[in-house]
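S.K.: requesting a structural model of the entry that follows:
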Amino acid sequence: MEEYRDGYWKSAYSSDYDLDRSSYTFYSSENSKSFSSFLKFRKDGEFRLTARLDNGETTTATFHVGRGRNNNTSSQLRVEKSGSSSVSVGSWVDLSLTAYQRYSNSKNENYNGDLSVRVEKKDGYYWSTASSSDYDVSSSYVSFYRSDYGRKYLTNFIRFNRNGTYRVTFTDRSDSSISDSIELTAGSSDD
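M.R.: Sure thing, here's the model as predicted:
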């Protein structure tokens, strides 16, 4: 059993699924075999089960469980703000997220996933995690659904309480290669 995570097929953790049996003997009188309660998943995701015959032939079945990850493997993310990247201290900022087909400008209307949100503040030449007193955010994660058709509008999403240059990064929790950031300057860039 494998799970698609971080952009690759990897061995699934046994705690994420129950498999009724690891082998089955087919008899020449059986053209096919149906199993009930053969496989049970304990988490959402994209899983792949491979059956191997004694002669070395294989067949694979892929399962998209819950929200799954179908059509995300070729996605990239873009975070945008209309207008200037300068914002007023204490004012809420609207952002938009768009999922695109990787290596093209075509929107991926089938993208879904949970995105974590990270806020950093620039100190000289370096970025470090911003203090929670530096900003307010409406949610520390964003859920993208297929019904969003590849675009998510985040109204009154973040506001900054102190002057400075900030970077807001959104990253798919299941595939860290799907990520994008936006830099915003609140008030003057000096503290």
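
S.K.: contact partners for the nearest residue to L49 once chain neighbours are set aside?
M.R.: Counting by Cβ to Cβ, 6 or more residues apart in numbering, L49 lies nearest to A61, which is 5.1 Å off, once chain neighbours are set aside. No exception for glycine: its C-beta is placed from N, CA and C like everyone else's. Applying Cβ atoms under 8 Å, 6 or more residues apart in numbering, we find A61 in contact with R48, L49, A51.

S.K.: what do you get for S15?
M.R.: S15 is in contact with R42, counting by Cβ under 8 Å, 6+ apart.

S.K.: again, only using 10 Å
M.R.: By Cβ atoms under 10 Å, 6 or more residues apart in numbering, the residues touching S15 are R42, K43.

S.K.: repeat that for K121.
M.R.: K121 neighbours (Cβ under 10 Å, 6+ apart): 127-131, 134-135, 160, 162, 164-167, 186, 191.

S.K.: out of these, who has the most neighbours?
M.R.: Highest neighbour count within those, by other Cβ atoms under 10 Å: F160, with 26 neighbours.

S.K.: strand partners (parallel or antiparallel) of the one helix or strand in the chain whose mean pLDDT sits lowest?
M.R.: Lowest by mean pLDDT, DSSP states H and E among the helices and strands of the chain is strand 58-65, with a mean of 76. Take DSSP bridges as the rule and strand 58-65 pairs in its sheet with strand 45-52 (antiparallel).
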